[in-house]
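Undergrad: I would like to see how this sequence folds:
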Amino acid sequence: MPRWSIFKVFTLEWVNQNIGDVYGCPGVKMIEQFDARFSSPVIPGETITTEMWQDGNVISFSCCVQERGEIVLRNGRCILRA
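TA: Sure thing, here's the model as predicted:
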């Protein structure tokens, strides 16, 4: 498996855990749909900042690498089960 693909999976899991921590919906059982678009690679050791906002049962998010000031995950959307 290419190195880039592994870090995509880790980044998505990290975002998923953050959403669970912030909005009180731990685990994948509360998630109906999860989408995001990678716009730049994340290098091991970089610090990711996640910006999230909620509209009903839809949580939107984007992620930025602090060291580069670059958005690495765009158009993130998590739909929670009703």
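Undergrad: CA only for contacts and neighbour counts going forward, please
TA: OK.
Undergrad: Neighbours of Glu51, how many?
TA: Glu51 has 12 neighbours, counted by other Cα atoms under 10 Å.
Undergrad: ok, it touching Phe61?
TA: Yes. Judged on Cα atoms under 8 Å, Glu51 makes contact with Phe61 at a distance of 5.4 Å.
Undergrad: my guess is Gln17 is in a helix, correct?
TA: Yes. The assignment for Gln17 is a helix, going by DSSP: H, G, I helix; E, B strand; the rest coil.
Undergrad: From Phe10, how far out is it?
TA: Distance of Gln17 to Phe10, given as Cα to Cα, to the nearest Å: 11 Å.
Undergrad: before we move on, what about Asp21?
TA: Relative to Phe10, Asp21 is positioned 17 Å away (Cα to Cα).
Undergrad: Likewise for Pro41?
TA: 12 Å.
Undergrad: Equivalent analysis for Trp53, please.
TA: Going from Trp53 to Phe10 by Cα to Cα gives 22 Å.
Undergrad: And the residue nearest the centre of this structure?
TA: Centre of the chain computed as the mean C-alpha position; nearest residue by Cα atoms, centre = their mean is Val15, 3.2 Å away.
Undergrad: Skip the chain neighbours and tell me the closest residue to that one.
TA: Nearest residue to Val15 in three dimensions, chain neighbours excluded: Thr50, at 7.4 Å (Cα to Cα, 6 or more residues apart in numbering).
Undergrad: Can you mark which positions in stretch 48-67 are buried?
TA: Using 16 or more other Cα atoms under 10 Å as the test for burial, stretch 48-67 gives Ile48, Thr50, Met52, Val58, Ile59, Ser60, Phe61, Ser62, Cys63, Cys64, Val65.
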